[in-house]
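Trainee: have a look at this prediction, sequence included:
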Amino acid sequence: MKKFVICAIAAALLVVTTNAQKAFTCPEANGQFEDPVQCDKYYECKDGVAHEKLCPDGLVFDESIRKVNKCDQPFNIDCGDRTELQPPKSNALCPRRNGFFAHPDATVCNIFYNCIDGDAIENKCTAGLHFDEYSGTCVWPDSAKREGCQETGKKLSDGFECPKSAPLDPSGQAVAHPKFPHPTDCQKFYVCLNGVEPRDLGCQVSEVYNEETQRCDAPENVRGCEDWYKEADEKKN
C-alpha cells in the first residue's frame with residue numbers, strides 16, 4: 001500500500017512538472033524569451049525545449065537586449081503587464097540583492113546605494129540633487145519629489161540668492177538657468193533654475209568651475225584656482 005502511495009505521489013509530481021514545462025511554448029527552437037506574467041523570469045529554449053530561468057534578484061528581463069545576458073535594471077526596462085517578481089532577498093541596505101536604492105532614512109535624499117549581489121556601495125549625489133529610484137539617477141528635488149525631503153527655498157543656507165536681473169546671452173536673451181561661481185570655493189558653483197530657484201552644485205574632484213566657459217575645467221585653466229587642490233592637500237597635511 002505504501003509503495004502504491006509513493007508511486008502515486010511521484011506520478012503526480014511528474015505530471016505537474018511536465019505540465020509546467022509544457023506551459024511555455026518556445027517561439028523559436030533556440031533563444032531566450034520572456035515569461036508572460038513575471039518580469040524577472042524567462043525561458044531559455046534549446047532545440048525547442050524550454051528551461052525556466054530567473055534573473056538575479058533585483059534585475060528584470062528584456063528579450064530585445066542584444067546580449068547573452070538580457071537581465072538589466074528595472075528603470076531601463078518597461079515590463080508592461082509583467083508585474084510579478086520573485087520574492088526579494090533583502091538585507092539592511094539592499095531591498096533586493098541587485099539595484100540602486102535610496103537611503104533607508106527617508107530624510108536622507110542625497111545618498112543612495114548600488115547593491116551588487118547583496119553588497120551595498122554608498123554613493124552621494126552632487127550637491128543640490130536628490131536620488132530618484134524611478135530613474136536610478138540624481139535629479140533636481142522638484143523632479144524627484146521625495147517625501148520627507150525638504151524643498152530648496154529662495155535662499156541657500158550660505159546666504160546665496162539669485163539676482164533679480166538674469167544675465168543675458170550673446171544674443172541679448174535672458175539665460176534660462178544662469179550659473180554663478182562660489183565666492184570662496186573654486187570647486188563649487190550656483191545655478192538658478194528659471195532664474196529664481198538657487199541650487200548649489202560642485203565639480204568633480206580634480207576640476208574647478210570656470211566662470212568664462214560656464215563649465216567645470218582643469219585648475220590651470222582658471223585664473224586664481226590654479227593651485228586649488230594643492231592648497232587643499234596642504235591644509236589636510
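Mentor: The structure has been received and is ready for your questions.

Trainee: ends of stretch 170-180, what's the gap?
Mentor: By Cα to Cα, to the nearest Å, the extent of stretch 170-180 from end to end equals 17 Å.

Trainee: count of neighbours near residue 95?
Mentor: The number of residues packed around residue 95, counting by other Cβ atoms under 10 Å, is 18. All C-beta atoms are positioned from the backbone trio N, CA, C, and that covers glycine.

Trainee: so what's the nearest residue to it once chain neighbours are set aside up against?
Mentor: Nearest non-adjacent residue to residue 95, counting by Cβ to Cβ, 6 or more residues apart in numbering: residue 101, 5.6 Å away. Each residue near residue 101 by Cβ atoms under 8 Å, 6 or more residues apart in numbering is listed here: 93, 94, 95, 112, 113, 115, 133.

Trainee: so the residue nearest to the last one when sequence neighbours are not counted bridges to which residues?
Mentor: Counting by Cβ to Cβ, 6+ apart, the nearest residue to residue 133 once its immediate chain neighbours are dropped is residue 102, at 5.5 Å. Beta-bridge partners for residue 102, by DSSP bridges, are residue 112.

Trainee: from residue 109, how far out is the residue nearest in space to the middle of the chain?
Mentor: With distances taken as Cα atoms, centre = their mean, the residue of the chain nearest its centroid is residue 136 (1.7 Å). As for residue 136, its distance to residue 109 is 15 Å (criterion: Cβ to Cβ, to the nearest Å).

Trainee: isn't the residue nearest to the centre of the chain up against residue 113?
Mentor: No. Between residue 136 and residue 113 there is no contact under Cβ atoms under 8 Å: 11.6 Å.

Trainee: any common contacting residues for those two?
Mentor: Residues touching both residue 136 and residue 113 comprise residue 100, with contact defined as Cβ under 8 Å, 6+ apart.

Trainee: show me where pLDDT drops low in this structure?
Mentor: The model of the chain has pLDDT under 70 over residues 1-22, 127-128, 150-153, 231-237.
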